[in-house]
Structures are given as C-alpha cells and as structure tokens.
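Enquirer: Sequence unavailable; structure follows:
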C-alpha cells in the first residue's frame with residue numbers, strides 16, 4: 001500500500017483527503033490510443049502519454065502489490081447538519097484500463113488498502129469500524145471495531161497480509177487479520193496526533209509520524225514518572241518501532257517540526273519525512289544520519305513518493321502544475337514533468353512488466369495515469 005498519498009481530515013491518517021458536495025461518479029471513456037503530450041527537451045523524464053478517470057469526492061487510492069489493480073475510495077463525509085452520502089469502492093485493471101468491481105457502502109469511504117494476495121480490501125470511514133471486503137464474494141466479511149470506540153482514520157495491511165494497522169488519533173493498533181483481535185497498540189511518544197504510519201518493506205518495523213503537543217508522556221530513555229513531571233516545548237517527529245520485539249523503538253531526526261507524511265525506501269534502508277513547511281528529509285535508518293534534504297524555498301513540497309526501485313523521489317509542489325523527479329543518489333537538478341493536469345497528490349511511481357515507467361496522480365477531479373519515457 002502506498003495507501004501513496006498524505007491526507008487530511010481532523011488529522012492526517014495516510015491518505016485522507018475529503019471533499020464536499022454531492023457525490024457522483026462518471027468514468028470518462030478511454031480512447032483507443034493514449035493522448036500524446038509534448039516532450040520536454042530539457043528533461044530526462046517525459047510524459048509520453050496518459051489516460052484519466054473523472055471522479056468526484058476521491059478520498060483514498062491504493063495500488064495492488066503486483067501493480068495491476070487500482071482501488072479508489074469515494075463518497076462525501078457530510079457534516080453535523082447534512083449526513084454522509086453513500087460511498088463506493090472502485091477497482092480498475094490498470095493494464096486493460098477497465099472498471100472491474102464496484103462495491104457500494106451505506107457510508108462514505110475514506111481510505112482503502114488491498115491485501116497482498118489480492119483477495120481482500122479494507123476500508124475506513126472515520127468511525128470506530130474498519131470493514132474487510134471479499135473481492136470474490138463482493139461483500140463485507142469482517143469488521144474490526146476499535147476496542148475503545150475511537151474513530152479510525154486509516155487502515156493498511158502488513159506486507160505479508162497477516163496483520164492490519166489502523167490509526168486512531170494518537171495511536172496505531174495492530175490486529176491479527178485471521179482472528180480479528182488487537183495484538184498491540186503503539187502510541188505517539190508525545191501524545192500528539194498521529195499523521196501517518198508505514199510498514200517497512202519486510203514488515204518487521206512500523207514507522208509513525210506525529211504532530212506537536214506541549215504536554216508529553218513517556219520520553220525516550222525516561223521512566224514514566226520522570227516524564228509526567230515535566231513539560232516540554234512543542235515538538236513532532238518520527239519514531240520507528242520494531243514489531244518483532246515489544247518496546248524496542250528509535251527516533252529519526254530528533255524532536256522536529258510537525259511531520260505530515262513518511263515513506264520507507266523500497267529496500268527499507270532509508271526513511272523520508274515531509275513536514276508541514278514543505279521540507280523533505282531522507283534519513284539513513286541504520287545510523288540516523290541525514291542523507292538528503294529537499295527544501296525548495298519558492299515551491300514547498302506538498303506530496304512525495306519513492307519510485308519502486310528507490311532511485312528516484314517524485315514530488316508535487318505548492319501552486320505548481322508539474323511534478324519534479326529527484327535522484328536519490330546524486331545531487332543533480334530534478335527533472336520536471338508537465339502532465340495533462342495539475343497533480344494534487346501522488347499515488348504510485350512504478351515500472352510495469354514491460355519496463356514502462358508509470359506515475360499515477362490524483363487531481364481535484366481526476367485520477368490520471370502518466371506513462372513516462374526518457375533516458376534514466
């Protein structure tokens with residue numbers, strides 16, 4: 001899951017971006033041949049063609065581990081006066097560009113993730129219940145209800161599909177998928193709101209990002225009584241927890257600004273963080289050393305993703321209508337991609353079986369698949 005994308009509703013919990021207005025869906029007919037776009041002579045990467053799907057109230061997107069399916073969560077959250085409208089989960093075949101499945105929910109759907117075996121989808125909707133859908137049976141087969149009745153802002157499968165992580169305000173709950181029981185709860189270290197969580201590629205670690213809070217709880221290397229007797233300045237950060245050993249964790253970057261999103265590199269050796277000021281920092285996970293910092297002054301970063309091979313970072317920027325692609329191994333100027341529409345969020349950056357590079361982006365009204373070419 002990448003559920004890519006991060007997302008904002010009360011707090012950011014992986015990828016929740018909620019939009020207002022009456023819900024509707026309209027899939028734009030895909031032309032027999034992809035729409036060409038002009039090449040950029042000054043860029044090593046180019047958008048050679050693209051296709052798109054028009055959607056309103058897109059709240060979450062994920063791509064299957066085999067890169068063949070795209071799943072979208074839709075629906076309007078509503079408000080205190082107007083209740084939420086019915087949502088849907090939509091599944092596309094990326095290669096054939098066809099809609100395969102449409103699951104109707106009686107509530108809006110905020111986030112989605114697909115299991116590694118492609119048999120199940122989990123959805124959250126800012127209620128205490130996460131739903132597990134069987135793709136073959138086209139129905140809900142299990143519900144994971146938070147034991148403290150807390151609202152759930154996101155859900156994601158572990159890489160092996162045996163565990164499920166859900167975000168609940170200031171904590172992540174880990175569930176055993178088979179039994180449907182909570183096996184562990186990991187709270188943010190300062191009691192601040194959780195903004196993102198990610199499994200490491202091997203599934204042995206869980207990274208969490210959190211916002212600032214003045215009153216902190218248990219600190220690194222402190223006992224609980226000592227920590228509760230003091231106050232600290234506001235700080236946010238990133239903590240990485242080992243899932244094979246209870247209570248073992250470490251911090252990256254120390255006490256820093258509010259962090260909005262995080263991502264492991266595909267080899268699991270690096271962890272990138274994005275703060276709310278639009279700055280990306282890439283850390284060596286083993287040593288904690290800062291390897292790379294991207295902080296454009298005129299165009300703060302709004303979203304980012306790793307390429308599947310880990311050699312590139314793609315970024316979107318405030319008030320920009322393009323995507324920049326940065327090398328993770330060289331201090332070179334980024335390539336700039338001008339696509340068919342201004343991207344708001346990045347979903348996935350990967351290579352298909354035919355070696356074709358693809359970036360999937362989400363605008364305010366569309367999902368877009370950009371096919372890339374150029375010397376790399």
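Expert: That came through, no problem. Bear in mind that the values here come from a model prediction, so they are computed numbers and not experimental data.
Enquirer: Kindly confirm my reading that residue 240 forms part of a helix.
Expert: No - according to DSSP: H, G, I helix; E, B strand; the rest coil, residue 240 belongs to no helix; its state is strand.
Enquirer: give the contact list for it.
Expert: By CB atoms under 8 Å, 6 or more residues apart in numbering, the contact set of residue 240 is 200, 205-207, 249-252, 271, 285. Quick note: C-beta positions are derived from backbone N, CA and C, even for glycine.
Enquirer: pLDDT check: weakest of those?
Expert: Here the lowest pLDDT out of the contacts of residue 240 sits on residue 252, with 81.
Enquirer: Which helix or which strand is home to it?
Expert: If you go by DSSP states H and E, residue 252 is part of strand 249-256.
Enquirer: Just the buried residues of the next helix or strand after that strand, please?
Expert: Downstream of strand 249-256, the next assigned helix or strand under DSSP H and E is strand 259-264. Buried residues in strand 259-264, counted by 16 or more other CB atoms under 10 Å: 259-264.
Enquirer: Go through those residues and say which is closest to residue 104.
Expert: Comparing the buried residues of strand 259-264 against residue 104 with CB to CB places residue 261 closest, at 30.0 Å.
Enquirer: and the gap between that closest one and residue 86?
Expert: 29 Å (CB to CB, to the nearest Å).
Enquirer: list the buried ones in stretch 320-332?
Expert: Quick answer for stretch 320-332 (16+ other CB under 10 Å): 320, 322-328.
Enquirer: try stretch 145-152
Expert: Across stretch 145-152, burial judged by 16+ other CB under 10 Å covers 146, 150-152.
Enquirer: Max pairwise distance over those: which two?
Expert: 146 and 151 (7.8 Å).
Enquirer: related to what we said a few turns ago, out of the contacts of residue 240, which end up buried?
Expert: Among the contacts of residue 240, the ones that count as buried by 16+ other CB under 10 Å are 200, 205-207, 249, 252, 271, 285.
Enquirer: ok, how many other residues are close to the residue nearest to residue 289 when sequence neighbours are not counted?
Expert: Using CB to CB, 6 or more residues apart in numbering and skipping the chain neighbours, the partner closest in space to residue 289 is residue 283 (7.0 Å). Counted by other CB atoms under 10 Å, the residues lying close to residue 283 total 21.
Enquirer: What residues does the nearest residue in space to residue 170 that is not next to it in sequence make contact with?
Expert: Closest residue to residue 170 apart from its sequence neighbours, by CB to CB, 6+ apart: residue 188 at 4.9 Å. Residue 188 makes contact with 170-171, 194, 208, 210, 239, according to CB under 8 Å, 6+ apart.
Enquirer: do that again at 7 Å, thanks
Expert: 170-171, 194, 208, 210 (CB atoms under 7 Å, 6 or more residues apart in numbering).
Enquirer: possible to save those residues as JSON lines with distance to residue 66?
Expert: JSON lines is the format used below for the contacts of residue 188 (distance: CB to CB, whole Å):
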{"residue": "170", "distance to residue 66": "34"}
{"residue": "171", "distance to residue 66": "31"}
{"residue": "194", "distance to residue 66": "29"}
{"residue": "208", "distance to residue 66": "27"}
{"residue": "210", "distance to residue 66": "32"}
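Enquirer: would you turn these into JSON lines with neighbour count and distance to residue 307?
Expert: Below are these laid out as JSON lines (neighbours: other CB atoms under 10 Å; distance: CB to CB, whole Å):
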{"residue": "170", "neighbour count": "20", "distance to residue 307": "32"}
{"residue": "171", "neighbour count": "19", "distance to residue 307": "31"}
{"residue": "194", "neighbour count": "24", "distance to residue 307": "26"}
{"residue": "208", "neighbour count": "26", "distance to residue 307": "24"}
{"residue": "210", "neighbour count": "26", "distance to residue 307": "27"}
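Enquirer: Mark which of these are part of strands, please.
Expert: If you go by DSSP state E, those have 171, 194, 208, 210 in strands.
Enquirer: What segments of the protein are helices?
Expert: For the chain, helices defined by DSSP state H occupy the ranges 224-228.
Enquirer: so where's it shaky on pLDDT?
Expert: 1-43, 78-85, 213-235, 253-257, 296-297, 375-376 (pLDDT under 70).
Enquirer: just the buried ones among the contacts of residue 240 now: which is nearest residue 163?
Expert: Ranked by distance to residue 163 (CB to CB), the buried ones among the contacts of residue 240 are led by residue 206 at 9.4 Å.
Enquirer: Okay, and the beta partners of that closest one?
Expert: Beta-bridge pairing of residue 206 under DSSP bridges involves residue 199, residue 241.
Enquirer: That one against residue 241, yeah?
Expert: Yes - assessed by CB atoms under 7 Å, residue 206 is found in contact with residue 241 at 5.0 Å.
Enquirer: between the two, what contacts are shared?
Expert: Common neighbours of residue 206 and residue 241, counting by CB under 7 Å, 6+ apart, are residue 186.
Enquirer: Include distance to residue 301 when you put the buried residues of strand 259-264 into a markdown table, please.
Expert: Output for the buried residues of strand 259-264, formatted as a markdown table (distance: CB to CB, whole Å):
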| residue | distance to residue 301 |
| --- | --- |
| 259 | 13 |
| 260 | 10 |
| 261 | 10 |
| 262 | 13 |
| 263 | 12 |
| 264 | 18 |
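Enquirer: and of the residues you listed, the nearest to residue 332?
Expert: Nearest member of the buried residues of strand 259-264 to residue 332, counting by CB to CB, is residue 263, at 20.5 Å.
Enquirer: and the closest one, what does it touch?
Expert: Contacts of residue 263 (CB under 7 Å, 6+ apart): 198, 272, 304-306.
Enquirer: Ok, residue 160 next?
Expert: Here residue 160 is in contact with 116, 203 (CB under 7 Å, 6+ apart).
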